[in-house]
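Colleague: turn this into a model:
(2 chains)
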Amino acid sequence: MAAAPIEELVRLLAKLPGLGPRSARRAALALLRRPDTLLAPLLAALEVCARNVRRCSVCGNLDTTDPCAICADPDRDPDLVLVVEQVEDLWAMERAGAFRGRYHVLGGTLSALDAVGPEELGVERLLRRVAERPRIEVVLALSATVAGQTTAHYLAERLKPTGARITRLGYGLPVGGELNYLDEGTLAAALAGRRPVG
Amino acid sequence: MEWRDEGIVLEVRPLGERDLVVSALTFEHGRHAGLVIAGRSRKRAPFLQPGNRLDLVWRARLESQLGRFTVEPRRLYASILVEDPLRLQALAAATALLEASLPEREPHPRLYAGLSALLGRLAADEDWREAYVRFELLLLAELGFALELDRCALTGATEDLVWVSPRTGRAVSAQAGAPWAGRLLPLPAFLTRGGPADPEQIAQGLRLAGHFIARHILAPVDRPMPAARERLAALLAPAPKTEPA
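Modeller: Numbering: from 1, shown residues only, chains lettered A, B, ... in the order given. Below you'll find the predicted structure:
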């Protein structure tokens, strides 16, 4: 039986995604065995994050400044906004390094079951942002699921009156994907989106 | 306990980081939920979407348990419809309505056949608006609230039926219903005489079915109309008439 503070540490670690009680115990032991090189720096990093990280009031990203570093970057195209569901999607796009515009993080998709409506997704905030820039292009980068795409179609309809150019990410063959293993919808979308070669 | 059946996914809910709880309308076992291990994996997630038709095997130690589904894809309607806002919304509305209104584990093979037929129409982009309205009327009938649209509740006439009583769900002819016209629901002609329907008739059909679904099925369990269904009705509403200049 571990001491109460250690049990509390394990209990809290077990709440993190990917960690169950067993892996939380291993993580707690790893921290406690390396107090100087792991535990103390982690504590310091957690304190800094708890004190400083906040949601960007423009795009909904997480950063230590408001507006976030992406929204404040003058080298990023303010007339190109990519709409994503979650901050992790923004991070994924940033890892790809292929996008030089700005973002808008919805925080989810429309869901009657979870009581997520347009207000919870901050749709009005997006509309205001788009209305401020007459030549803006909005790229809808939502999941290719029924929930993601019904939300994307809803946003497209709401954005239409602003006159903004509305696009979405392409569907089709994933890099490294084999035709034999693709579902019929992806194959149909890939065929519809075919391009000339050469 | 083990059974095999075919089913159409109504709803999926994440459980932890890898798994999904899938609710499906099955042919023989009604609306039934089960856990799909690694349902969020790259391999399984594409076919665990509302509207997709699957082969299911359900296993549990006791009948009362949630149990586990083993799933194989049969027909992936969601990926066919994903680019079309209207048809995707119709799929979302139909699955959300069934999830909200059907009791669990009560077989409704006719409803399963009706949903399959609707999905087929949606995939083929063929008369699906009329099929959607008929599907909602089938849902009402299957749950014991069938509308009587073949004869007038007041006179017994079988011709010129243009209204429905919002209380009884019975048709009323134009002549007999005239004194109460403002309080009766319009009965669209395609439901009595067949044939294609214009946007006005589709809107009337949705209003008619929506009224009784809300009154008989959702209100008693204190549930609102699913947002997906509300949104479909808004999308299919006829464009407002503009005055000539």
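
Colleague: do a quick rundown of the helices in chain B.
Modeller: B:77-81, B:85-101, B:109-124, B:128-142, B:174-177, B:190-193, B:199-212, B:227-236 (DSSP state H).

Colleague: nearest to B:Met1, out of these?
Modeller: helix B:109-124 (20.5 Å; Cβ to Cβ). (Each C-beta comes from the backbone N, C-alpha and C, glycine too.)

Colleague: give me the buried positions along the closest one.
Modeller: If you call a residue buried by 16 or more other Cβ atoms under 10 Å in any protein chain shown, then helix B:109-124 has these buried ones: B:Leu111, B:Tyr112, B:Gly114, B:Leu115, B:Ser116, B:Leu118, B:Leu119, B:Arg121, B:Leu122, B:Ala123.

Colleague: next: stretch B:15-27.
Modeller: For stretch B:15-27, by 16+ other Cβ under 10 Å, it's B:Leu15, B:Asp19, B:Leu20, B:Val21, B:Val22, B:Ser23, B:Ala24, B:Leu25, B:Thr26, B:Phe27.

Colleague: closest to chain A out of these?
Modeller: Checking those against chain A by Cβ to the nearest Cβ gives B:Ser23 as the nearest, at 10.3 Å.

Colleague: relative to B:Phe69, how far out is the closest one?
Modeller: Between B:Ser23 and B:Phe69 the computed distance is 10 Å (Cβ to Cβ, to the nearest Å).

Colleague: out of the helices of chain B, which is the most enclosed?
Modeller: helix B:77-81 (a mean of 26; mean count of other Cβ atoms under 10 Å in any protein chain shown).

Colleague: that helix: how far from the chain's middle?
Modeller: Computed by Cα atoms, centre = their mean, to the nearest Å, the chain-centroid distance of helix B:77-81 equals 17 Å.

Colleague: stretch B:88-101 now?
Modeller: The chain centroid and the centroid of stretch B:88-101 are separated by 6 Å under Cα atoms, centre = their mean.

Colleague: tell me the pLDDT of the nearest residue to A:Leu106 once chain neighbours are set aside.
Modeller: In space, and not counting its chain neighbours, A:Leu106 is closest to A:Leu121: 4.6 Å by Cβ to Cβ, 6 or more residues apart in numbering or on different chains. You'll see A:Leu121 listed with a pLDDT of 86.

Colleague: burial of A:Leu121, as a residue count?
Modeller: Residues lying near A:Leu121 (other Cβ atoms under 10 Å in any protein chain shown) number 23.

Colleague: work out for me the element the residue in chain A that chain B sits nearest to sits within.
Modeller: Proximity of chain A to chain B (Cβ to the nearest Cβ) peaks at A:Gly185, 1.9 Å away. In this structure, A:Gly185 is located in helix A:184-192 according to DSSP states H and E.

Colleague: could I get the CA-only coordinates of that helix as PDB?
Modeller: This file holds the C-alpha atoms of helix A:184-192, laid out as PDB (Å, rounded to 0.1, in the frame of the first residue of the first chain):
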ATOM      1  CA  GLU A 184     -16.300   2.200 -51.600                       C
ATOM      2  CA  GLY A 185     -17.000   5.800 -50.600                       C
ATOM      3  CA  THR A 186     -13.400   6.700 -50.400                       C
ATOM      4  CA  LEU A 187     -12.800   5.100 -53.800                       C
ATOM      5  CA  ALA A 188     -15.700   6.900 -55.300                       C
ATOM      6  CA  ALA A 189     -14.500  10.200 -53.900                       C
ATOM      7  CA  ALA A 190     -11.000   9.500 -55.100                       C
ATOM      8  CA  LEU A 191     -12.300   8.800 -58.600                       C
ATOM      9  CA  ALA A 192     -14.500  12.000 -58.600                       C
END
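
Colleague: hmm, who's touching that helix?
Modeller: For helix A:184-192, contacts defined as Cβ atoms under 8 Å, 6 or more residues apart in numbering or on different chains pick out A:Tyr171, A:Gly172, A:Leu173, A:Leu179, A:Leu182, B:Pro46, B:Leu76, B:Ala78, B:Ser79, B:Ile80, B:Val82, B:Glu83.

Colleague: now with 10 Å, please.
Modeller: A:144, A:170-174, A:177, A:179, A:182-183, B:46-47, B:49, B:52, B:73, B:75-83 (Cβ atoms under 10 Å, 6 or more residues apart in numbering or on different chains).

Colleague: please report how far the residue of chain A closest to chain B lies from B:Ala93.
Modeller: Here A:Gly185 is placed at a distance of 19 Å from B:Ala93 (Cβ to Cβ).

Colleague: circling back to that earlier point, same list (the helices of chain B) but as JSON lines, adding mean pLDDT.
Modeller: JSON lines is the format used below for the helices of chain B (pLDDT from 0 to 100):
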{"stretch": "helix B:77-81", "mean pLDDT": "88"}
{"stretch": "helix B:85-101", "mean pLDDT": "96"}
{"stretch": "helix B:109-124", "mean pLDDT": "97"}
{"stretch": "helix B:128-142", "mean pLDDT": "97"}
{"stretch": "helix B:174-177", "mean pLDDT": "90"}
{"stretch": "helix B:190-193", "mean pLDDT": "92"}
{"stretch": "helix B:199-212", "mean pLDDT": "96"}
{"stretch": "helix B:227-236", "mean pLDDT": "94"}
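
Colleague: identify the residue nearest the closest residue to chain A within chain B in space, chain neighbours excluded?
Modeller: Going by Cβ to the nearest Cβ, chain A is nearest to B:Ser79 of chain B, at 1.9 Å. Counting by Cβ to Cβ, 6+ apart, B:Ser79 lies nearest to A:Gly185, which is 1.9 Å off, once chain neighbours are set aside.

Colleague: so what's the residue of chain B closest to chain A up against?
Modeller: A:144-146, A:149, A:171, A:182-189, B:46-47, B:49, B:51-52, B:73.

Colleague: could you give the number of residues near the closest residue to B:Val71 other than its chain neighbours?
Modeller: In space, B:Val71 comes closest to B:Leu54 once its chain neighbours are excluded; the distance is 4.9 Å by Cβ to Cβ, 6+ apart. Per other Cβ under 10 Å, the neighbour tally for B:Leu54 reads 23.

Colleague: could you work out the end-to-end span of stretch A:157-170 for me?
Modeller: 19 Å (Cα to Cα, to the nearest Å).

Colleague: touching chain B at all, it?
Modeller: Yes. Contact of stretch A:157-170 with chain B (Cβ under 10 Å from any Cβ of the partner chain) involves A:Glu157, A:Arg168.

Colleague: mind listing what's buried in that stretch?
Modeller: Buried, per 16+ other Cβ under 10 Å, within stretch A:157-170: A:Arg158, A:Leu159, A:Thr162, A:Ala164, A:Ile166, A:Arg168.

Colleague: show me which strand runs longest in chain A.
Modeller: The strand that spans the most residues within chain A, counting by DSSP state E, is strand A:77-84.
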